[in-house]
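Q: Please find the sequence and the predicted model below.
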Amino acid sequence: MNPLILVKIISLLLIIISGFMAIPAGIALYCGEENPFAAFAGTIAVTAACSAAVFFVLRKKRAGALSTRDGFLMVTLSWVLASAIGALPFYVSGSIPSYTDAFFETISGFTTTGASILTDIESLPRSMLFWRSLTHWLGGMGIVVLTVAILPLMGVGGLQLIQAEAPGPTVDRLTPRIAGTAKLLWLIYIGFTVAETILLMLGGMDLFDALTHTFGTLATGGFSVKNAGVGHYQSAYIDAIITVFMLIAGINFTLHFRLLTGRFKLLLRDSELKAYLLIFASSTAVLAFTLYGTSHQTVGQCLRYASFQTASIMTTTGFATADYEQWAIISQIILFILMFVGGCTGSTGGGIKVMRLVVLFKQALNEMKLLIHPRGVFTLKLSGSMVKKDIVYGVLGFFFLYVAMLLAVTFIVASADHDITTSFTAALTTVGNIGPAFGKIGPMDNYAFFEDYIKWILSFAMLAGRLELYTVLVIFLPGFWRR
Amino acid sequence: MRAVILGAGVVGVQIATQLISEGKDVVIIEKDPERAKYVSGRLDCIVVNEEGTGISALRHAGLDDSSIFISVTNSDEVNMIACGLVASEFSVPVKIARVRNLDYSRAKIMEKSFLGIDFIVNSEVETARQIANTIALGADSDVMLFENTDLQMRNVVVSMASYFANRTVKDIRHGIKEPFLMAGIVRDNEFIIPTGDTVIREHDNIYLLATQKDFTRIFIQAGKRQETIDRIAIVGGGRIGELACQYLIRTGRKITIIETNYDRCKVLSDRFPDALVLNADISDETIFEEEDLGSRDLMVAVTDNQELNMLASLYAKIMGVKRTVALVANAGYLSIASRLDIDVAISPKNSTVDAIMKYIRRGNIKSLHSLFGGKAEVIEFLANEKSGMVGRRLRDLEFPKQSLILSVVRGEKNILPHGNMAVEPGDLVLMVAAKESIPEIERFIQD
């Protein structure tokens, strides 16, 4: 392990983050928000100056080969530091008076969770709201992937880093060089961002609202700039556009690349995509059916609210157009179950991921077949090709860790005497990077009332969930630090 | 005409035997001195005991004035390189290589004349195709299919209870309504072309020609029931087993593959997600109970071990499997297999030899099948204006004794031949002939 190289790369990453902070600073200047401007300018100046100084001292250190271990540590540290510095403008400007709350809000942004401690979102300055949504957008495709894409200095270690950050058990290379792959992914991401922003503006949003909601959608984040969320606009068109783009964001971005380059056949063969769309379609249908005649009276309305909420929860976005806690219990349970699903591998979505569920399902099926035919040989196939044993084991281990993590976080939240629904769904929604939950933290509530230690634990849960557990938890193994 | 054969394995020897009996000069190149000595003692040909990939050996074998080069050693690479050498150093018009590797034989070698090879034979593919054809037709006998006609040739071993036993061919044709033709009888290792007065005896292996529809009824009268074949167990997941599974699974049948090598099982279960792959040894009888293999409609035994194939087939029959197909390489075993309760015995050697012989006699001959280890051949040939037999009444043609015109296919119609008819250009003629008569027959079918 080479700590100096880690520090050097992280200092670069922080320079990039502070560079992005210049955008809300500009907005603050344009809107005449003096206090926020000072907070942004100060944060940028201090961060950039310190990082640049560190980078200057270490400029001669060659960032050659990073080991897999270095990758885990570097990625985790990057996320923690990015959140710590990203929280400063909120805190310094006084928009969010407590640093705990500011950190919670920022890490919730970077991890694309969308859980907020704000009671009155609309009272915040526009520049602060923009920064809050921008953290989603940066975290969605991954800040380390961004660094690799922008700076080709990673060399061999790039793949380790992306693997440590990318959602899902495998990373597909689209180009021979990993930096090229990272660049392509970001280009597709930017392309979708432009497309959604224009479509939302056609639906009557101004540029600011359209951009911030696009950030929230494509990163599967869920921060809105309105207290009532997307429900504020009361527009079927906007609901439809956001539903479609939430679904797009939940699909593997390498598949989007293949679609854009005209390789449709690979798309049709993809097991994960098929399962993803099947879960979405069937859940929407059942949800719409349970809504009919209870919460909504027309078929069109049922489908509109059902598809939006299904896409929002399943892709772990967390937008709300309705207070689903007013719905029938059976409708709520459908959403609760969807919280276990998540997006596809290589998407911006969180959760367990559809591919893991498909692997688990097929493995369970094979185990049963093995009981019938003790000497049978069965292979687990995804998208027409054989899945290697170690990937199956990795998925099994992940699933156990995921459940264990949920229970541990539930236990800690419940220790402050919150009810079972609130405690468990708080764990579910933070580890899965979803946002809204049930009980005291439903779609119309917020996280402000939680005790400080619970906010820190939930912050940890969000980070661990975003980095797919293994990357963060492996650091706590004693063996990790042994040479 | 001189032919040079590289490799005196079973296929090489069989081809040599056929070519020699047709009056051709044969030179065999074999590197193993023991084998070379053995072959030169048994066949009327020159055996050159040298490595086949040396130019001097090839020259020594007389390739300078040969017209056919056939490379059938055990190594794909040797066969291909040898053909390449022959192509570059000599001017031999026909170069044939046996190649097992599917990638080599599937490459567009034929069109681009890869390494100068004119014809590539893949025995596994030929064998697997034959297995699939046999099964598609009920697996109750060897089946020979012909192009452009729905006539087929099948064999039945006559049992005591059969209607055929102890009757003359004339009587049998009276007794059975369906039109059919008896093409030949194998009795005590002799091939006989029957006349109307020939009496069929028990244990005779008779070859019949009829349409598939008629065969169903003929077999019922011959004392052989037709079974529907849906659930198939393939023993041995080697290349032939894999190819056979590939052909059979497309028809929607339920396949179980039993293979001893675990890694091979993994490959198979990856390739055939709809098949059940078992990692077990067929000689371990508990697998029959565990997987209820006795309830299968058919067992295809295609391991590398031909004795195991035969025993597994017999055991399967005892356990209740309705039909069995066994891969048997040894010619001696082939005749045993047909007497035992094995329904179909398939020889990879025969299918390879058939393919090579067919290529050598190409031209008007559309297909050619050797019967009973090469003792006789069925020739399917397309007549044109220049063919020797066209335009003359059949009774005026002086055909050799050991030969018979089985059928003439004109347009959609199958015509049973009679002495007063004449073959017209465009007719498809099916003939059977004993090995010794082949050179004479060639006179009638060549231009």
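A: Good, I have the coordinates.
Q: From now on I want contacts and neighbour counts done on CA atoms only, so please keep to that.
A: Noted.
Q: so where's chain B shaky on pLDDT?
A: Flagging of chain B using pLDDT under 70 yields the residue ranges B:102-113, B:137-143, B:145-149, B:222-227, B:361-368, B:370-374, B:446-447.
Q: Who are the contact partners of whichever residue of it sits closest to chain A?
A: Proximity of chain B to chain A (CA to the nearest CA) peaks at residue B:278, 4.1 Å away. Counting by CA atoms under 8 Å, 6 or more residues apart in numbering or on different chains, residue B:278 touches A:373, A:375-377, B:256-259, B:265.
Q: quick one: which of these is nearest residue B:3?
A: Among the contacts of residue B:278, residue B:259 lies closest to residue B:3 (CA to CA), at 40.2 Å.
Q: Looks like the closest one contacts residue B:284 (just checking).
A: No: counting by CA atoms under 8 Å, residue B:259 sits too far from residue B:284 to count as a contact (11.9 Å).
Q: If the residue of chain B closest to chain A is in a bridge, with which residues?
A: Residues in a beta bridge with residue B:278, per DSSP bridges, are residue A:376, residue B:258.
Q: about what we covered before: which of residue B:259 and residue B:284 has more residues huddled nearby?
A: residue B:259 (24 against 8; other CA atoms under 10 Å in any protein chain shown).
Q: what about whichever residue of the stretch 151-300 of chain A sits closest to chain B, neighbour count?
A: The minimum distance from the stretch 151-300 of chain A to chain B, using CA to the nearest CA, falls at residue A:271 (14.4 Å). Neighbourhood size, residue A:271 [other CA under 10 Å]: 18.
Q: Can you give me every residue that contacts it?
A: Taking CA under 8 Å, 6+ apart as the definition, contacts of residue A:271 comprise A:355, A:382-384.
Q: give the contact list for the most centrally placed residue in chain B.
A: Geometric centre of chain B, nearest residue: residue B:351, 3.6 Å, by CA atoms, centre = their mean. Shown in contact with residue B:351 (CA under 8 Å, 6+ apart): B:123, B:126-127, B:130.
Q: show me the contacts for the residue of chain B positioned farthest from its centre.
A: Taking CA atoms, centre = their mean, the residue of chain B most remote from its mean C-alpha position is residue B:290, at 35.3 Å. Shown in contact with residue B:290 (CA under 8 Å, 6+ apart): residue A:373.
Q: hang on, the earlier thing: and the contacts of residue A:271, which of them are buried?
A: For the contacts of residue A:271, a burial check counting by 16 or more other CA atoms under 10 Å in any protein chain shown picks out A:355, A:382.
Q: and the contacts of residue A:271, which of them are in helices?
A: Cross-referencing the contacts of residue A:271 against helices under DSSP state H gives residue A:355.
Q: do stretch B:292-309 and chain A meet?
A: No: Stretch B:292-309 stays out of contact with chain A when judged by CA under 8 Å from any CA of the partner chain, the minimum separation being 10.4 Å.
Q: Burial check on residue 314, number of neighbours?
A: Just going to use chain A. Using other CA under 10 Å, residue A:314 is surrounded by 34 other residues.
Q: that's the wrong chain, I wanted chain B
A: 21.
Q: tell me which element it is part of?
A: Secondary structure from DSSP states H and E places residue B:314 in helix B:306-319.
Q: Return the set of buried residues in stretch A:469-481.
A: Buried, per 16+ other CA under 10 Å, within stretch A:469-481: A:469-472.
Q: re the thing from before, what are the C-alpha coordinates of whatever helix or strand comes next after the helix holding residue B:314, in PDB please?
A: Downstream of helix B:306-319, the first helix or strand assigned by DSSP H and E is strand B:323-327. Output of strand B:323-327 as PDB, limited to C-alpha atoms (Å, rounded to 0.1, in the frame of the first residue of the first chain):
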ATOM      1  CA  ARG B 323     -34.600 -49.000 -28.000                       C
ATOM      2  CA  THR B 324     -30.800 -48.800 -28.000                       C
ATOM      3  CA  VAL B 325     -28.300 -47.400 -30.400                       C
ATOM      4  CA  ALA B 326     -24.600 -48.300 -29.900                       C
ATOM      5  CA  LEU B 327     -21.500 -46.900 -31.400                       C
END
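Q: Show me which residues of chain A are close to chain B?
A: Within reach of chain B by CA under 8 Å from any CA, chain A has these residues: A:373, A:375-379, A:381, A:385-386.
Q: from these, which single one is nearest chain B?
A: Of all the residues of chain A next to chain B, chain B sits closest to residue A:376, with 4.1 Å by CA to the nearest CA.
Q: which residues are in contact with stretch A:473-483?
A: Here stretch A:473-483 makes contact (CA under 8 Å, 6+ apart) with A:69, A:72-73, A:464.
Q: My error: substitute stretch A:224-235 in the last question.
A: The contact list for stretch A:224-235 (CA under 8 Å, 6+ apart) reads A:120-122, A:129, A:133, A:209, A:212-213, A:216, A:223, A:239, A:319-322, A:444.
Q: For chain A, which residue occupies the most central location?
A: Centre of chain A computed as the mean C-alpha position; nearest residue by CA atoms, centre = their mean is residue A:112, 3.5 Å away.
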